[in-house]
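> 3D model of this:
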Amino acid sequence: MMRYPLLALLLLSAPLAAQEASVEPGAVEACFDATARGEGTPDCVGNAASACSSAQEQPDTTFAISQCMMAETNDWDSLLNREYQKTRDAFSDQPGLADALLTAQRAWIAFRDADCTLAYDRYGDGSMRVISAADCRMRHTAQRTFQLRDLQGF
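All right, here's what the predicted structure looks like:
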């Protein structure tokens, strides 16, 4: 059963707390820029969400933590889209490679969604499921952003 998209819809449509969750502008980009090619996924992934959560009126709530993870994920997703386009452009001179990248990206999206649904389902009806799914999506998105960047220039 595919509950994760429903979860995202519920979280996004839930009444916002007194303070809207957002990450520090440029924090995710700084993490990305500070990570050398081929280094993998750095420890700075999740730092923007942690700082965001700490700044909330009720920082240790499922709502605050998951909203901040989703805010960081949105920034990673913007970078992912940029890096995907740059990688596609880098592959444009090699016949079929851009199409292979599209196929791989679609498969990655399916994998990410399935893996994060599993992360959600593992916790049954517990509130930790929301945090687990949000963390899964954030980390997968960041990791894929670095992978796409690292494909460029080869």
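
> what residues are up against the residue most central in space within the chain?
When C-alpha atoms, centre = their mean is applied to the chain, the residue found nearest the centroid is M138 (2.8 Å). Neighbour list for M138: V45, G46, A49, M69, M70, E72, T73, W76 [criterion: C-beta atoms under 8 Å, 6 or more residues apart in numbering]. From N, CA and C alone the C-beta is placed, and that goes for glycine too.

> what distance do you get for it to N74?
Distance, M138 to N74, by C-beta to C-beta, to the nearest Å: 9 Å.

> now do Q152
In this structure, Q152 and N74 are 23 Å apart, going by C-beta to C-beta.

> does the residue lying farthest from the centre of the chain sit in a helix or strand, and which one?
Of all residues in the chain, P95 has its C-alpha farthest from the mean position, at 30.2 Å, by C-alpha atoms, centre = their mean. Using DSSP states H and E, P95 sits within no helix or strand.

> now do Y123
If you go by DSSP H and E, Y123 is not part of any helix or strand.

> in the contacts of M138, find the pair that's most separated.
Taking C-beta to C-beta as the measure, the contacts of M138 span a maximum distance of 14.1 Å, between V45 and M70.

> now do the SS call for D60.
Under DSSP: H, G, I helix; E, B strand; the rest coil, the three-state class of D60 is coil.

> next, count neighbours for the residue nearest to it when sequence neighbours are not counted.
In this structure, D60 finds its nearest non-sequential neighbour in S53, 7.8 Å apart by C-beta to C-beta, 6 or more residues apart in numbering. By other C-beta atoms under 10 Å, the residues close to S53 number 23.

> kindly state the pLDDT recorded for G26?
For G26, the pLDDT comes out at 94.

> typo on my end, it should be P42
pLDDT at P42 comes out at 91.

> that one and D33 touch, don't they?
No - contact between P42 and D33 fails when scored by C-beta atoms under 8 Å: they sit 10.8 Å apart.

> that older thread, by neighbour count, which of the contacts of M138 wins?
Most surrounded of these: other C-beta under 10 Å gives E72, at 32 neighbours.

> tell me the spacing between that one and C44.
11 Å.

> G126 too?
28 Å.

> more neighbours, those two?
For the pair G126 and C44, the greater number of neighbours falls to C44 (15 against 11), based on other C-beta under 10 Å.
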